[in-house]
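In: just a sequence and a predicted model for now, questions to come.
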Amino acid sequence: MLFTSVGLLWITDWTLKDRTRLIVATSVLSGVAIFALIWTPDPYQAGFLMGLIGSGMGAFTPIAWGIIQELAPSHMLGRILGLYGTGAMIAAIVGISAFGWITEQQGPEAGLLGIGIVLLVTGVVAGRMTRASATY
């Protein structure tokens, strides 16, 4: 995550569309890495995949916060960021509860598969939103 944070310094001048594409790419990368983690027996490969997952997830939040700060009206910025933070925390708690239960009932492969699907869906939805914003 440290390397991701340093790398994010280079994208501060990117356009909104390019940063959204980066969110798409990192979400898909994390999803694919989680799928690969399910079938990886080698601990070194698993460590590398965990690094990819962390990098992908580490890119999402700072980019999203930056986009929100750019697009939100200044008089509503605190409310919007508070609402975003609350939504993110609720999603995290629901995800931990749901996938923790799935992992407990079905095993770690099923839990990782579910998390990977969520990340891939996030990437697809963000990609669709990028294309939709280009047409309007």
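Out: Thanks, I have it.

In: now do stretch 80-89, average pLDDT.
Out: Stretch 80-89 carries an average pLDDT of 92.

In: got the contact list for stretch 34-42?
Out: 46, 49-50, 53, 109, 112-113, 115-116, 119 (C-beta atoms under 8 Å, 6 or more residues apart in numbering). All C-beta spots, glycine's among them, are computed from the backbone N, C-alpha and C.

In: relative to residue 96, which of those is nearest.
Out: Nearest to residue 96, judged by C-beta to C-beta, of the contacts of stretch 34-42 is residue 115 at 10.2 Å.

In: pull out the buried members of the contacts of stretch 34-42.
Out: By neighbour count, with 16 or more other C-beta atoms under 10 Å, the contacts of stretch 34-42 hold 49, 53, 112-113, 115-116, 119 as buried.

In: and of the residues you listed, the nearest to residue 14?
Out: Within the buried ones among the contacts of stretch 34-42, the smallest distance to residue 14 is 21.7 Å, found for residue 119 (C-beta to C-beta).

In: off-centre distance for the one helix or strand that closest one maps to?
Out: Secondary-structure element containing residue 119, defined by DSSP states H and E: helix 108-135. Distance, stretch centre to chain centre, for helix 108-135: 9 Å (C-alpha atoms, centre = their mean, to the nearest Å).

In: for that helix, which helices and strands make contact with it?
Out: helix 16-38, helix 77-106 (3 or more C-beta pairs under 8 Å, 6 or more residues apart in numbering; DSSP states H and E).

In: no more questions from me, cheers.
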